[in-house]
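Peer 1: Sequence and computational prediction follow.
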Amino acid sequence: MNAFDDRRHAGKALAEALRERPMHEPLLLALPRGGVPVAYEISLALQYPLELLLVRKIGAPGHEEYAVGAVVEGDPPRWVKDEDLLRQLRVAPDWFERRLAEQLREIERRRARYCGRQPLASRRGRDLILVDDGLATGNSVRAALQALREDGPRRIILAVPVGPPATVEKLRPLVDELVCLLTPEDFHSVGHYYRDFHQLDDQEVIDLLGPSRTPSGA
């Protein structure tokens, strides 16, 4: 079922769902890479400023698609991990810490590549709209939401095109509002609901951020 032509099509649909909601100093926060074209279209349609929130999934050994944790950029960085799953996998005691360090280095690389020295906008007292191209386990989004709550926003809204009902309900208590356009009971994978779900590269992200990014004080 291709509900969306591509991520930008999904972003346009989300923009319409968000259009009538009152916002106080809204700030879009896209999870790269897939969330960027979705958030870009929302930014264009609603004239909301757009920034990145860099989060890296920590995948299970040999099965990277299954998240056992996630780390979010910040000072200090914040992370979550699935203790029960790690025990089941019987990984070495220092395995998670080593993978965490690797993902922190990748976050630093991406921040420099995508944004250079551009300062981050203040999040305190604002309505933050976290955007991704879809939900699966929700571990990366959960880590991002927990980190954002510590930034003192007025409200946090999670906006995604598609996700399984169980994940949506798991995340709902962490946000003030959750907008998910599709919650199929027989959820397959995020990519299943897109006609074009190619993996974005760094340059595509940079190209989108250029025209959509507003000054950090906006």
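Peer 2: That came in fine, so what should we check first?
Peer 1: Now E51: which helix or strand?
Peer 2: strand 50-52 (DSSP states H and E).
Peer 1: Quick check: buried residues in the longest helix seen in the chain?
Peer 2: Taking DSSP state H as the criterion, the chain has its longest helix at helix 95-115. Residues of helix 95-115 classed as buried: 96, 99-100, 103-104, 107, 110-111, 114-115 (neighbour count, 16 or more other Cβ atoms under 10 Å). Quick note: C-beta positions are derived from backbone N, CA and C, even for glycine.
Peer 1: Show me where the protein has its helices.
Peer 2: Using DSSP H, helices in the chain cover 7-18, 35-46, 83-89, 95-115, 139-149, 165-171, 202-212.
Peer 1: In terms of secondary structure, what does the last one contact?
Peer 2: Helix 202-212 makes packing contacts with helix 35-46, strand 50-52, helix 95-115 when contacts are defined by 3 or more Cβ pairs under 8 Å, 6 or more residues apart in numbering; DSSP states H and E.
Peer 1: re the thing from before, got TSV for the buried residues of helix 95-115, with distance to V68 and pLDDT too?
Peer 2: Below are the buried residues of helix 95-115 laid out as TSV (distance: Cβ to Cβ, whole Å; pLDDT from 0 to 100):
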residue	distance to V68	pLDDT
F96	7	94
R99	9	94
L100	11	95
Q103	12	95
L104	16	95
I107	17	94
R110	21	90
R111	23	89
Y114	26	89
C115	28	84
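Peer 1: hang on, the earlier thing: and of the helices and strands packed on helix 202-212, who's closest to A13?
Peer 2: Smallest distance to A13 across those (Cβ to Cβ): 8.7 Å, for helix 35-46.
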